[in-house]
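Chemist: quick one, structure for this:
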Amino acid sequence: MLSDLSEVLWRERHLLELLVFKLEEEQLVITSGRTRWLAHAAREVENVLDEIRAADLGRAIEADEVAVTLGLEPGASLNQLASAAPAPWDELLRAHRDAFCTLTSEINSLSSGNRDLLAISYRATQEALAGLQKSVMTYDGSGQSAAQVAVAQLVDRAM
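Modeler: Sure thing, here's the model as predicted:
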């Protein structure tokens with residue numbers, strides 16, 4: 001039972017590490033300005049998240065079976081399982097828990113940073129597009145509304 005749970009935990013750790021990689025990859029795409037690949041990078045992140053959701057269900061089933069075997073209630077935390085497990089499983093389960101905490105922190109930081117970068121890019125794009133209007137409504141010296149023709153402008157196609 002404990003070996004099956006450990007296998008599932010290793011698989012989930014691998015997927016979380018893959019998610020960290022995909023989020024870093026997405027961040028590189030965002031910061032490079034190569035938005036052509038942004039949808040593809042986001043899709044890859046979603047694919048890994050789907051795999052994690054499926055693995056999480058398998059982990060919950062295995063963990064509940066181990067909990068009952070160790071005399072705990074189903075739904076016991078990984079820390080509770082580690083406390084009740086015999087050696088060397090106790091240390092291995094704690095190591096998995098510590099790795100999950102570290103990976104979760106990394107994932108939260110990366111996803112938050114990516115959201116911030118996307119928001120900044122969106123605002124910059126909106127400002128650039130607003131500056132491309134054919135005419136700008138201003139006021140002349142007498143306070144009357146006057147349209148001025150915009151001067152030549154450069155457009156960064158990478159946006």
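
Chemist: strands along this structure, start to end?
Modeler: 135-139, 145-149 (DSSP state E).

Chemist: what's the closest non-adjacent residue to residue 10?
Modeler: residue 96 (7.8 Å; CB to CB, 6 or more residues apart in numbering). C-betas here are computed from N, CA, C, even on glycine.

Chemist: pretty sure that neighbour contacts residue 16?
Modeler: No: with contact defined as CB atoms under 8 Å, residue 96 does not reach residue 16; the gap is 10.7 Å.

Chemist: how close does the residue most central in space within the chain get to residue 55?
Modeler: Per CA atoms, centre = their mean, the C-alpha nearest to the average position across the chain is that of residue 111, at 3.6 Å. Distance, residue 111 to residue 55, by CB to CB, to the nearest Å: 18 Å.

Chemist: how far away is the nearest residue to residue 17 once chain neighbours are set aside from residue 51?
Modeler: Excluding its sequence neighbours, the residue lying closest to residue 17 (CB to CB, 6+ apart) is residue 103, at 6.6 Å. Going from residue 103 to residue 51 by CB to CB gives 14 Å.

Chemist: least confident secondary structure element in this structure?
Modeler: strand 145-149 (a mean of 60; mean pLDDT, DSSP states H and E).

Chemist: show me what contacts the residue nearest to residue 10?
Modeler: 6, 9, 10, 13, 78 (CB atoms under 8 Å, 6 or more residues apart in numbering).

Chemist: adding neighbour count, write those out as JSON lines.
Modeler: Converted to JSON lines, those look like this (neighbours: other CB atoms under 10 Å):
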{"residue": "6", "neighbour count": "17"}
{"residue": "9", "neighbour count": "22"}
{"residue": "10", "neighbour count": "13"}
{"residue": "13", "neighbour count": "16"}
{"residue": "78", "neighbour count": "19"}
